[in-house]
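Could you look at this predicted model? Sequence included:
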Amino acid sequence: MTRAEITGAALVAASACGFATLGIFGTELYAQGFDLPSVLAWRFGGATVLFWIWIVARRRWRIPWRTALTAVAMGAVGYALQSTLYFVAIGRIGVGLTALLLYTYPAFVAMLAWLVYREQPSRRRIAALAITFVGTSLAANPHGPHADWLGLTAGVATGAWYAVYLTVGTRLVSAVDSLTASAYVCLGAMLSFVIASFAGAGLHMPAGAAAAATIAAIVVVATVIPITTLFGGMRRLGTPRAAVLSTLEPLVTVALGAAILHERLGRAEFAGGILIIGALIVLQMPEAPALARADALSVKNR
């Protein structure tokens, strides 16, 4: 490997580790009394501020107004719903299992490419889809240690909805600079959760240094740095290899959940997770144009 490729691999690995902390910090904010709208309002609010400082300083904020409105709407509806499902799931079945179920999204993307774009999948992809189905059935076992129907349903729905969001969003903002698109999408998500907060119990404010530090961490460590480093890694490695290396995220999430939150997966859940990750690696190897386009967009708004 060249020095640029080694640097790219390190950046993608750092990104995966950063994204893996999202559920950990979210769980910590829950424990400190924050509700779901407040957690996500702070996350996307902080990310919006940092991304907008960057794109204004680089004079990259000017995009066609229709594209801007589309990106804001994607954040306000599509990404907001995906984040809501994700945090509902981690609150009920834990961060590790939720991460595994989220990473079924490449399988759903492949199925959408098959159904929407009429792209005939290869035998390899059909086999990967079958393995994903078996793995999901084992991991989302309603009679296992995480026997919570709502949490398991939210976990699977997170992967399914993320696939829809990527498939549609790829066509809408594919011509926009990645970080600029992220700035507008985060703005839309922030608006949704700020409105939801004030429509409910109000925006929960950090009560001390610990809460403020956790908010800073979920913004910087779990959102802005991972998105930025993934872009840097993709420029050096290319989307296909970056996508495969990013599959470190669910593994790191499971490890962090066990080490920090003392979560444990049952045998069936563990076996299901292994199958999902194996199929995920196969599905992240671009073959169908629609899947490749979705992989490229997926790093914009994770």
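Thanks, I have it. Residues are numbered from 1 along each chain as shown.

Any stretches of the stretch 201-302 of the chain with poor pLDDT?
Along the stretch 201-302 of the chain, the model assigns pLDDT under 70 to residues 240, 285-302.

Show me where it has its helices.
According to DSSP state H, counting those that start in this stretch, the stretch 201-302 of the chain carries its helices in the segments 209-219, 225-237, 239-245, 248-260, 267-283, 289-298.

Quick check: which of these is nearest to residue 97?
helix 267-283 (6.0 Å; CB to CB). In this view, the C-beta of every residue, glycine as well, is placed from N, C-alpha and C.

Counting neighbours, which bits of that closest one end up buried?
268-270, 272-273, 275-277, 279-280, 282-283 (16 or more other CB atoms under 10 Å).

can I get those residues in JSON lines with distance to residue 38?
Shown next, in JSON lines, are those (distance: CB to CB, whole Å):
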{"residue": "268", "distance to residue 38": "35"}
{"residue": "269", "distance to residue 38": "30"}
{"residue": "270", "distance to residue 38": "33"}
{"residue": "272", "distance to residue 38": "32"}
{"residue": "273", "distance to residue 38": "30"}
{"residue": "275", "distance to residue 38": "36"}
{"residue": "276", "distance to residue 38": "31"}
{"residue": "277", "distance to residue 38": "32"}
{"residue": "279", "distance to residue 38": "36"}
{"residue": "280", "distance to residue 38": "32"}
{"residue": "282", "distance to residue 38": "39"}
{"residue": "283", "distance to residue 38": "35"}
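
Which one of these is nearest to residue 31?
residue 269 (23.3 Å).

and the residue lying closest to that closest one once chain neighbours are set aside, what pLDDT?
With CB to CB, 6 or more residues apart in numbering as the criterion, residue 269 has its nearest non-adjacent residue at 5.0 Å, and that residue is residue 139. For residue 139, the model assigns a pLDDT of 89.

Likewise for the one 5 residues further on?
The model reports residue 144 with a pLDDT of 70.

roughly how far apart are it and residue 273?
Residue 144 sits 12 Å away from residue 273, going by CB to CB, to the nearest Å.

And residue 176, by the same measure?
Computed with CB to CB, the distance linking residue 176 and residue 273 is 34 Å.

for the chain, what spans make up the strands?
Here the chain has no strands by DSSP state E.

May I ask you to name the longest helix in it?
helix 149-173 (DSSP state H).

buried ones in that helix?
Within helix 149-173, the residues that count as buried by 16+ other CB under 10 Å are 151-167, 169-170, 172-173.

residue contacts, the residue nearest to residue 223 when sequence neighbours are not counted?
Among residues not flanking residue 223 along the chain, residue 47 sits closest, at 4.6 Å (CB to CB, 6+ apart). Taking CB atoms under 8 Å, 6 or more residues apart in numbering, we find residue 47 in contact with 182, 186, 190, 219, 223-224.
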